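Trainee: Sequence first, then the predicted structure, then my questions.
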Amino acid sequence: MQWSLFVLILMGQCSFFTCHLYEYHFIPEGKTWEEAQSYCRENYTDLATVSDMRDVERLTKSSQTTDAWIGLRSINERDIKEWHWSLPGEKYNPTECNPGCTQEWVPSEPNNGGDDPENCVAINPSQNWYDVHCSQTRKKFICYNETGDQKYFIIDELKNWFQAQSYCREHHTDLVSGITHISSTEFKELVEEFNDQLGSSKFWIGLFREIWSWSDGKNFSFRHWDPDSFKDVASKTCAMTTTNGKWSSNDCRNQKPFYCYDDKVILIKEKKTWDEALTYCRENHHDLVSITDSHQQRWVEKRAKMADTEFVWLGMRYTCTLDLWFWVIDRLVCYHNWAQQEKDEQCGMATAMKRDGEWYEKADNEKFHFICAL
């Protein structure tokens, strides 16, 4: 009876528990971008890094003004090689394209041609990809819906890539992303359904080449640019929030208020068993880290990549008595990122994250680095 009540309590906590693995701090004092960066690193963790729309909402609620530096700065555009999807958490990895999937660059593309870099991608009804100027070209585009019966919407309006992204986020979820995992048949059906709208033109998808980097080195691909802000940007190489909550670029030498963030997770580079890691975290910090949604998963995953061991311990363990997995903060596993493997659920097993972010069952007497919540 007592165990049944315990399980019911845990299950009831799936929908109501929320925690943040980092905090934002608004600093009203005007500083240049580099001065702001130094201040944040001395007093907190770094200038603010933003990973999705949830972070955008947290930033806009943290002060009376949103005209402030964040930790995003442009890099040498001609040296950029890495592509990202617009949808947070969707990874672009051309080596992992499924057999028969939609991923076909036109011969000689991407070529980054012309005087201005071609950092955004358009696709034609024949499934061919082209790199295109993001702000100088206007095209139709495909939006993606995370929920609902209909997932894809071809928008019969001409916009540049940033305007298309903004439209999709306001009316749907995002520009269509991850279509390297859509089969050719699925894509053909999508094209045929909207063939009258498409004609022979190309249309935007959510793939773009990165030209900005975060101050703390994280490679979150999320951007929230004001689509009308890309004018006279040659000397504007630092990012700031604006009064409408979206981002714009500005001269790094200008003095502005700014946002810092303070990290609430830490990677401990000591090899310990799961019990030893749990004890260490509780004695020196707060607890072994728990992950309750995809937002937290992305943040912890960045820490795991810096480990010297192949895996890092998380704060999840299997209980034989209840025959279930649970977090050390007494929550059931409502969100998970298990690798595609057959789980061996038995006593003495705990959860470790591989450096690629996937979770694995491991004997709790193995020794790995681990991540503590502060």
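Mentor: Now that the structure is in, tell me what you want to look at.

Trainee: Tell me how far residue 28 lies from residue 363.
Mentor: Plainly put, residue 28 is 51 Å away from residue 363 if you go by C-beta to C-beta, to the nearest Å. For the C-beta atoms, the positions are set from N, CA and C on the backbone; glycine is no exception.

Trainee: The residue nearest to residue 338 when sequence neighbours are not counted - how many residues pack around it?
Mentor: Nearest residue to residue 338, sequence neighbours excluded (C-beta to C-beta, 6 or more residues apart in numbering): residue 359, at 5.0 Å. Summarising burial for residue 359: neighbours were counted as other C-beta atoms under 10 Å, giving 22.

Trainee: that older thread, of residue 28 and residue 363, which one has the most company?
Mentor: Neighbour comparison, residue 28 and residue 363: the larger count goes to residue 363, with 13 against 10 (by other C-beta under 10 Å).

Trainee: Tell me the bridge partners for that one.
Mentor: residue 349 (DSSP bridges).

Trainee: picking that back up, who are the neighbours in contact with the residue nearest to residue 338?
Mentor: By C-beta atoms under 8 Å, 6 or more residues apart in numbering, residue 359 lies in contact with 314, 316, 336-339, 351-353.

Trainee: Check it and give its pLDDT.
Mentor: pLDDT, residue 359: 94.

Trainee: And the helices in the stretch 151-300 of the chain?
Mentor: If you assign secondary structure with DSSP state H, counting those that start in this stretch, the helices in the stretch 151-300 of the chain sit at 161-171, 184-193, 195-198, 274-284, 294-304.

Trainee: comparing these, which gets the lowest mean pLDDT score?
Mentor: helix 195-198 (a mean of 58).

Trainee: Next, find the distance separating the residue nearest to residue 338 from residue 315.
Mentor: From residue 359 across to residue 315, the span is 12 Å (C-beta to C-beta).

Trainee: Next: residue 170.
Mentor: From residue 170 to residue 315 the distance is 37 Å (C-beta to C-beta).

Trainee: out of those two, which sits in the busier spot?
Mentor: residue 315 (24 against 8).

Trainee: could you say which helix or strand contains that one?
Mentor: Element membership for residue 315 (DSSP states H and E) is strand 311-319.

Trainee: Now do the helix or strand that comes right after that strand, average pLDDT.
Mentor: Using DSSP H and E, the helix or strand that follows strand 311-319 in sequence is strand 324-327. Taken as a whole, strand 324-327 has an average pLDDT of 87.

Trainee: picking up where we left off before, so for residue 67, which of the helices of the stretch 151-300 of the chain sits nearest?
Mentor: helix 161-171 (18.9 Å; C-beta to C-beta).

Trainee: Write down the beta-bridge partners of the residue nearest to residue 338, one by one.
Mentor: residue 338, residue 353.

Trainee: any idea how far it lies from residue 304?
Mentor: In terms of C-beta to C-beta, residue 359 sits 10 Å off from residue 304.
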